[in-house]
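Asker: got a sequence here, can you build the structure:
(4 chains)
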Amino acid sequence: MTALLQVEGVGKRFGEFAAISDVTLDLRGGETLGLIGPNGAGKTTLFNMITGFLKPDAGSLRFDGAAIDRLAPAQRVARGLVRSFQKPMLFPALALRENIAMAARQHAGRGLSWWGGARATRAANDEADRLLIEAGLQHRAEARVADLAYGEQRMADLLIALALRPRLLLLDEPTAGLAPDEARRLLAIIRRHDEGTSVMLITHEVEIAFAACDRIAVLNLGRLLCLDTPAAVQAHPAVREAYLGALAA
Amino acid sequence: MSLSRLALPMAGLAAMAAVAALSGDFQLRFLAEILLIGTAVLSLDLLIGFGGLISLGHAALFGSAAYAAAIAAQHLGASLPVMLGIGIAMGTAVAALMGLVILRAGSLFLLILALLFGQIVWEICFHWREVTGGADGLRGLPPLSLGPWALGDARSLFVLAGLLALGSLGVARSFVASPLGRALIGTREQPIRMQALGYTLFSVRFRALLVAGAMAGAAGSLYPFVNLYVGPQSVHWTLSATMIIMLVIGGVGSLWGAFLGTAVYLALQTYVGAWTDRWQLCVGLLFVLTVLVMPQGLASGFLRLTRKGRTP
Amino acid sequence: MMGYAAIQVLNALSFSALLLLTGLGLSVVLSLMNFVNLAHGSFYLLGSYIAVHWLASGAPWWMAFPVAFLATALAGALLERFPLRAFYARPHLMQVLLTYGLSVIFADLMRWGFGAQILSPELPEMLQGVVFLFDMPFPLYRLFIIGAGFAMALALWLLFDRTMWGAVVRAAVSDRGIVETLGIDTRRLFAAVFMLSAGLGGLSGALGAGMLAAYPGLDEEVLILALITVVVGGLGSFGGTVLSALVVGFALTFSKVWFPEFANLAAFSAMIALLLARPNGLVAPPLRQL
Amino acid sequence: MPKHCQNDIRPGASLGRRGLLAGAAALGLARPAIAQAQPLRIGMVTSLSGPFTALGESMRAGMQLLLAQSGQAIAGRRVEFLVEDDQARPEEGVRKARKLIGQDRVDLLCGVISSGVALALRDVVTEARMPTFLLGSANDLARKAASPFILRPTKTNWMLGDTAARWTYEKVSKSKVLTVGSDYAAGREYIGDFAEGYRRLGGGIGRQLWTPLGSADFGPLLTTIASERPEVVYGFFAGSDAVRFLRQWKEYRLAGRVPLVGTGAFFDQEDVLPAVGDAALGAVNTFHQSPTAPASAAFIEAYRATGKPLPGEFSTTGYVCGQVIKAALERSNGDLADWEKTRAGLFAAPVETAFGPMPFDPRNGQAILDIHVNEVKRGEDGRMVNTVLHTYRQVRDPGIPA
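Answerer: Below is the predicted model of the structure:
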């Protein structure tokens, strides 16, 4: 099985501070890869570099066999590399359906159309409604996103990403701050969509990573400690010491 | 639905017909001016109200189209479709150039870059005396015509300006409802997320600027024929600033508020100025009060009275 | 020829000093409070008018500058209380609109109060002299402006970078909550910063009056120059504003030396080119994380 | 649209007290015809905001002084004086003129400082057949843009540029003149006409410098001028530019070393000189206005009695404009209905004005003026005063080239 995403020796410094140093990892097609590590480990920085929002100082990135280092964020999205955000990043003045349709239109290649835009809009709205029904949020379709509850906003953030039908979905702490049953619902939706979609998942909650991921990468202080199956990671002494140990204590 | 959608333009047309029948020469020309400048302000609303792009160089689009039309009219005669075509082309072309310069940076950088760009256009209009007439501008233009019909009188100008304003309002509404318009709102609301959705900010904003440029250009192309004159003031940044004031008084993001704001501003300037030298104080107070008390502008004030305001 | 070049450099420096003085006032509120104050030109013009009237009154001339500073700072304090304070947390667009509207009001009020005619100050004897450089005269007053401009910049830098008060202000900017838990009233802190900025505007007006005179409309001209300076500098970093005042001052001056007829065109194009090459200004503020 | 110029003959109205009083106030010079009891509405378009604010206020004050002296009545008709602000913007000026014509129904128009506004108004007033006393000074107003409905009781730029060339060539220097000016229409005309006249006389023009309107700092330019070492500098600036240029001219020690000649507006008595101290001392300018010209003595006294300073160009022009309007109406017995006739009456003999005797050129309605050569001297009270050195009598603009 070839790797869908290859991260090769990537590094990033902010002044004196090395946020990421020499990280190499790969993500196989179809798998769910967890990315865990304590605060400040560099997880989000790595996400930002993979999705093009930050330029690495060193290393290279390949997606589906092609180098993507020079691509702008939008171009990476066009290849199927889609992310969500740690804090839900929505369009607060727009209705929930409109938020999702914004993504669906772009996926359909009609994001910037004007003439004949009505048909594109209808199709995108249908797609948005389908996702909303799936998430059980159809009754909120017309609500302004700013008026939604936090859990609903998190869900919306995920639905927006899913509307782009990603090949690789990068989720940044999707369950942070959610009640357990909300988190379960959200994870269920992710799982339902992972046919044909690979997932890279940052999370604080180790149990989620162990339950949901095929493999787990552990970052600490900008370095990759290990990348292995959940069981192997759990047994890894360095990980236990740096991360799990602290939790277990 | 379709009935109410038709109701507004019909009401607009009816109001226009009534005004055209009843008003005198001065009033009609004044209204034509309001409608033309209002159309330019409307195009600015697309940028500010929906894209969050505060351009302090919008007069450059309006004014350069006005110059282009006036210069062409001196050589080719002032045939309406030719003038409109030249104005739209010029407005779009200058907008394209402007976009390449100003759209690389955000907020205040954009404001200053637009100001500098606009002032460069002004300098060109001001210095290229052989073509633009320099500080004195161009006068003695032929009156507007369409085939055998002369359209130079106040009534025709008013009707033309009214049709252009209504048309532009329709275009603006369709733009805002279209995927492109929604994307523009997206870039204002959450530029980073837009990139994460695969939108390139530049291409969204650039297209919006082209649309605004074409609309401002169309309005600009008719403007010289209201007074058979065009001068460098129509390109100057102070007109850009005035357009922003008009827009805010009328209501940012409300589209038709652009006309309301323009009318209120120009009426204040024209009628209060006759009574007191302090008309600028009145404009300033009204403007600040609007920002403080009614940040959505007069348009939303009216709307709130009649029905619930639609979110843009 | 040496003298010619030297004098032109001094010309550029004196104009830079003026830009620096006004630009610093603007950039203090922009960088420390993230507030855009388009009424800054009004403070400048008010300072100019105060200085002109003070110098004509026969009172000790040097007092004109502290008086202009204090008077405009006071005006700033009143304005800060209402309505500006409520707009600190609003988006830039609303700040721009509010303060531009205020500047329109002030412009007309000042024209009402001070008249429409052009006023210029009677400079004291001791500032009217010249110094000769390679046989070319250069006005002493401009040396005074250069000295005052860079001295003020130094003083501000010391204030914000080297004093406890400056440290508190900077801390309050990055995290208001923490500073408040230390028992410091951040509202008063920000009010003080705003007063300082307004006072700087008035002081630069008092100093600049000898060069630019005072008349209705000058507020707008100065505002645009200050705004360009601050933006080219990168929106408010201290070093950026100093550097940009020099760059803009030299660009405007030497475009007049080399292409007097197309001075504005040349200078504007140079600034656009600069901003295109460095879209975040000369000294970009620290990167914001996503 | 001559309808509002027409005289309604309504005898009933004329018997009102107002009509009689107004008639008495007109010093009984003209016996008012019964019809003239209608008030005379005079519209003025001038700059009350924007760069020419101070000049516009002066112009209005000059006209108001004349009206006050005339008891707010001209030729037996009570005067209603309406002033509109053009902000020195042509579009604005045109709109205001149309308002005065179309809504306020004025009987005549006057005013305008900016040449741009004046040129933009030209076609509007001509089309409306509105008698207009236009006070801008672009040469074209007496040439290509002349109109039978426009009278021009003021100078053209050529009159000042050309006389300055004569004076400079004869009295100051025959070569190495450096010119410097604000780069806009008026500056181009003054300096162009100066250079043309100077060359025609055989003089040699040196470097020609232009600077954008509204220059903040003249230091670089003055340093350049100093390094050129000209025999004489001819310049044109107005308003704030003039003040800055002159003050810095002194600061850079050019004052007293290089003779400075300019147009009168550069050293305007009311607008510029009070703000520049003694920086302009010794400078020479050509102007149709001077506080020391004998013809303006009475006006100056009256103007200062209202608490104003020594008058400059635009207060005098406003006053003179009023004098010419008054003369025109008195010669036609307060009747403007036949503009042809009123105009002919005005052309028949010179009008006595504060600019001196003013005949009109019937070809273009342009006044023929005495142009004074003023030197800025220290007056008795220590103030700077434009003092007449010489007067070129009855200068006439060449008008439309044949």
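
Asker: near chain B, which residues of the stretch 1-150 of chain D show up?
Answerer: D:48-49, D:82-85, D:89-92, D:94-96, D:98-99, D:101-103, D:115-116, D:119-120, D:122-124, D:138, D:140, D:145 (Cβ under 8 Å from any Cβ of the partner chain). C-beta here means a position set from N, CA and C on the backbone, and glycine is covered the same way.

Asker: have a look at chain A and report its longest helix.
Answerer: The residue-count maximum for a helix in chain A (DSSP state H) belongs to helix A:117-135.

Asker: thinking again about what came up before, next step: the residues of the stretch 1-150 of chain D next to chain B restricted to helices.
Answerer: Using DSSP H, those in helices are D:90-92, D:94-96, D:98-99, D:101-102, D:115-116, D:119-120, D:122-124.

Asker: and the helices in the stretch 51-200 of chain D, which stretches?
Answerer: Ranges of helices within the stretch 51-200 of chain D are D:53-69, D:90-102, D:115-128, D:157-167, D:185-200, based on DSSP state H, counting those that start in this stretch.

Asker: can you add mean pLDDT and mean neighbour count and give those back as JSON lines?
Answerer: JSON lines is the format used below for these (pLDDT from 0 to 100; neighbours: other Cβ atoms under 10 Å in any protein chain shown):
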{"stretch": "helix D:53-69", "mean pLDDT": "93", "mean neighbour count": "23"}
{"stretch": "helix D:90-102", "mean pLDDT": "92", "mean neighbour count": "26"}
{"stretch": "helix D:115-128", "mean pLDDT": "91", "mean neighbour count": "24"}
{"stretch": "helix D:157-167", "mean pLDDT": "93", "mean neighbour count": "25"}
{"stretch": "helix D:185-200", "mean pLDDT": "91", "mean neighbour count": "22"}
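
Asker: filter the ones in helices among the residues of the stretch 1-150 of chain D next to chain B by proximity to chain C?
Answerer: Applying Cβ under 8 Å from any Cβ to these, none is adjacent to chain C.

Asker: what about the residue of the stretch 201-312 of chain B found nearest chain C, is that helix, strand or coil?
Answerer: For the stretch 201-312 of chain B, the residue closest to chain C is B:Gly284, as judged by Cβ to the nearest Cβ, at 3.5 Å. Of the three states, B:Gly284 takes helix according to DSSP: H, G, I helix; E, B strand; the rest coil.

Asker: circling back to that earlier point, show me which positions of the longest helix of chain A end up buried.
Answerer: By 16 or more other Cβ atoms under 10 Å in any protein chain shown, the buried positions in helix A:117-135 come out as A:117, A:120-121, A:124-125, A:127-129, A:131-132, A:135.

Asker: quick check: residues of chain A near chain C?
Answerer: For chain A, the contact set with chain C under Cβ under 8 Å from any Cβ comprises A:14, A:44, A:48, A:53, A:85.

Asker: reformat those residues as TSV; add pLDDT, neighbour count and secondary structure.
Answerer: Output for those, formatted as TSV (pLDDT from 0 to 100; neighbours: other Cβ atoms under 10 Å in any protein chain shown; DSSP: H, G, I helix; E, B strand; the rest coil):
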residue	pLDDT	neighbour count	secondary structure
A:Phe14	84	14	strand
A:Thr44	90	20	helix
A:Asn48	92	23	helix
A:Phe53	90	18	coil
A:Phe85	89	22	coil
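
Asker: just put these in JSON lines and tack on distance to chain B.
Answerer: Listed next are those as JSON lines, based on distance: Cβ to the nearest Cβ, whole Å:
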{"residue": "A:Phe14", "distance to chain B": "18"}
{"residue": "A:Thr44", "distance to chain B": "13"}
{"residue": "A:Asn48", "distance to chain B": "10"}
{"residue": "A:Phe53", "distance to chain B": "7"}
{"residue": "A:Phe85", "distance to chain B": "7"}
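
Asker: okay, domains of chain A per the record?
Answerer: Chain A breaks down into these domains under automatic domain parsing: A:1-80+A:168-249, A:92-164.

Asker: please identify the deepest-packed of the ones you listed.
Answerer: Mean neighbour count (mean count of other Cβ atoms under 10 Å in any protein chain shown) peaks for domain A:92-164 among the domains of chain A, with a mean of 20.

Asker: helix, strand or coil for the residue in the stretch 101-250 of chain B that chain D sits nearest to?
Answerer: Relative to chain D, the nearest point of the stretch 101-250 of chain B is B:Ala135 (3.9 Å; Cβ to the nearest Cβ). Put simply, B:Ala135 is helix when judged by three-state DSSP.

Asker: what is the neighbour count of it?
Answerer: Residues lying near B:Ala135 (other Cβ atoms under 10 Å in any protein chain shown) number 26.

Asker: my read: D:Met63 touches D:Gly322, true?
Answerer: Yes - applying Cβ atoms under 8 Å as the test, D:Met63 and D:Gly322 come out as touching, 4.8 Å apart.

Asker: show me where chain C has strands.
Answerer: Using DSSP state E, the strands assigned to chain C run over residues C:130-133, C:136-139.

Asker: and what of chain A?
Answerer: A:3-14, A:17-28, A:32-36, A:58-63, A:66-67, A:81-83, A:168-172, A:198-202, A:215-220, A:223-228.

Asker: may I have the strands that pair with the last one, each with its orientation?
Answerer: Next to strand A:223-228 in the sheet, as set by DSSP bridges, lie strand A:215-220 (antiparallel).
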